[in-house]
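Trainee: fold the following, please.
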Amino acid sequence: MQNFTFHNPTKIIFGKGTIGALKREVPAGKKIMLIYGGGSIKRNGTYDEIMAALEGREVFEFGGVEPNPTYETLMKCVEEVKKNGVDFLLAAGGGSVIDGTKFVAAAALFDGDPWKILQTYGSCVKAALPFASVLTLPATGSEMNSGSVITRVSIKAKLPFNSKLVFPMFSVLDPLKTYTLPHNQVANGVIDAFIHIVEQYLTSPAHAKVQDRFAEGLLLTLIEEGPLALKDPENYDVRSNIMWAATMALNGLIGAGVSQDWSTHMIGHELTALYGLDHAVTLAIVLPGNLTLRKEAKRQKLLQFAQRVWNVRSGNEDHQIAEGIKMTRDFFESLGVKTRLSDYKIDSTGIEKVVAQLKSHQMIKLGENGDVTPDVARQILELCL
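Mentor: Numbers count the residues shown, from 1 in each chain. The predicted structure follows:
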């Protein structure tokens, strides 16, 4: 196991009816900006609960944050934050809204062009406004981590940033707020969380048994509960397990002391930027090809994955590994998500555009060993056609 420092300062408030906790958790005297997406929080009652909890507080609102939040929209929010002297942000929604709020928190106090935050992947962030979140769509784990991904539409760039200054102070997780999610958002959320785990688990052996067992338990939970959430949307126990699994998938715990990959994500980001595909869809497309091409480098962990997660025990090692990858693809397809580039009318010409984007964004040494070059990315994508 590698050396590590693990520190996660985000307080989690989990369960039915917990939005009322905002009344005591949001510091008194703050000017609050409530940031949300397309308005689903108003249809499912979340907005009313938030406003009731914040009654008597000075609250401004900014709606319209997109799935794959855009730099252009978020900079409008930054302007409103500055104009109104806002000193506390509250994100209400899924990972896109929370990611966007992290950017606003950093950009509002940034001295210079805020695009530099993305260009430097967050290394230049020196200050950020405090913020909290009310989660309505479990998927990204953004409610308990310090990462964010932002899209700049004008140049078709989707870039991540990370800073310890943008951990949420606290996050409220009420599984009841997930009951009305559309089928595709539930499926996407399960896949997103699944691949977050895989990016930290299917790497190089580190003899990190605790992290491995945590990761395998989370994967098994998503495999068991994901289909149930689609069949029985108002099963509180199912929704609770999915919500907590998605948070645990990317709060730093299972990634401590182990190498991490993230090449599937970086390649997927370019597919989203170029073709507008849902983030989770791009991951479901790229992962099987990525694992297939790099199976020798990942052999030991892929075998462990096949045996422990998919219970593949028969046949030789190559058969078991291939079967584990196939069952992973089949799982994504069973949730209603297509896993081939051709399903989205993307051909070899599209692959070359992705490779060019990777080069332009300096994504030239991806993966746990830095061996996923643009040429390797091309080979991965060719397996995804």
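
Trainee: surely residue 180 and residue 43 touch.
Mentor: Yes. Residue 180 is within contact range of residue 43, at 7.4 Å (criterion: C-beta atoms under 8 Å). For every residue, glycine as well, the C-beta is placed using N, CA and C.

Trainee: who has more neighbours out of these two?
Mentor: Using other C-beta atoms under 10 Å as the criterion, residue 180 and residue 43 rank with residue 180 on top: 15 against 10.

Trainee: now do the contacts for that one.
Mentor: Residue 180 makes contact with 40, 43, 44, 233 under the criterion C-beta atoms under 8 Å, 6 or more residues apart in numbering.

Trainee: check contacts around the second one.
Mentor: The one in question is residue 43. With C-beta under 8 Å, 6+ apart, residue 43 has these contacts: residue 180.

Trainee: from residue 257, how far out is residue 124?
Mentor: Residue 124 is 28 Å from residue 257, where distance means C-beta to C-beta, to the nearest Å.

Trainee: got it, and residue 52?
Mentor: 43 Å.

Trainee: not counting sequence-adjacent ones, nearest residue to residue 64?
Mentor: Among residues not flanking residue 64 along the chain, residue 73 sits closest, at 6.2 Å (C-beta to C-beta, 6 or more residues apart in numbering).

Trainee: what helix or strand is the one you found on?
Mentor: Using DSSP states H and E, residue 73 sits in helix 71-83.

Trainee: so residue 185 makes contact with residue 137?
Mentor: Yes. Counting by C-beta under 8 Å, residue 137 is a contact partner of residue 185 at 6.0 Å.

Trainee: higher neighbour count, the two?
Mentor: Between residue 185 and residue 137, counting by other C-beta under 10 Å, residue 137 is the more crowded of the two (26 against 20).

Trainee: identify the bridge partners of the more buried one.
Mentor: Residue 137 forms beta bridges with residue 94, as assigned by DSSP bridges.

Trainee: quick one: contacts for it?
Mentor: Contact partners of residue 137, counting by C-beta under 8 Å, 6+ apart, are 93, 94, 95, 178, 181, 185, 189.

Trainee: and those residues, which are buried?
Mentor: Burial by neighbour count, 16 or more other C-beta atoms under 10 Å: within these this picks out 93, 94, 95, 178, 181, 185, 189.

Trainee: need the contact list for the residue lying closest to residue 166 once chain neighbours are set aside.
Mentor: Distances taken as C-beta to C-beta, 6+ apart place residue 102 nearest to residue 166, at 4.1 Å, with adjacent residues excluded. Residues in contact with residue 102 (C-beta under 8 Å, 6+ apart) are 128, 131, 142, 146, 147, 148, 166.

Trainee: residue 102 belongs to a helix, doesn't it?
Mentor: Yes. Counting by DSSP: H, G, I helix; E, B strand; the rest coil, residue 102 is found in a helix.

Trainee: quick one: low-confidence parts of the stretch 51-200 of the chain?
Mentor: Within the stretch 51-200 of the chain, no stretch has pLDDT under 70.

Trainee: helices of that one, start to end?
Mentor: Under the criterion DSSP state H, counting those that start in this stretch, the stretch 51-200 of the chain carries helices at the ranges 71-83, 95-107, 115-119, 183-201.

Trainee: closest to residue 281 out of these?
Mentor: Among the helices of the stretch 51-200 of the chain, the nearest to residue 281 by C-beta to C-beta is helix 183-201 (6.9 Å).

Trainee: in the next helix or strand along the chain from the closest one, what's buried?
Mentor: Using DSSP H and E, the next helix or strand after helix 183-201 towards the C-terminus is helix 209-231. By neighbour count on 16+ other C-beta under 10 Å, the buried set for helix 209-231 is 211-212, 214-219, 221-223, 225-227, 229-230.

Trainee: who's residue 159 bridged to?
Mentor: Beta-bridge partners for residue 159, by DSSP bridges, are residue 150.
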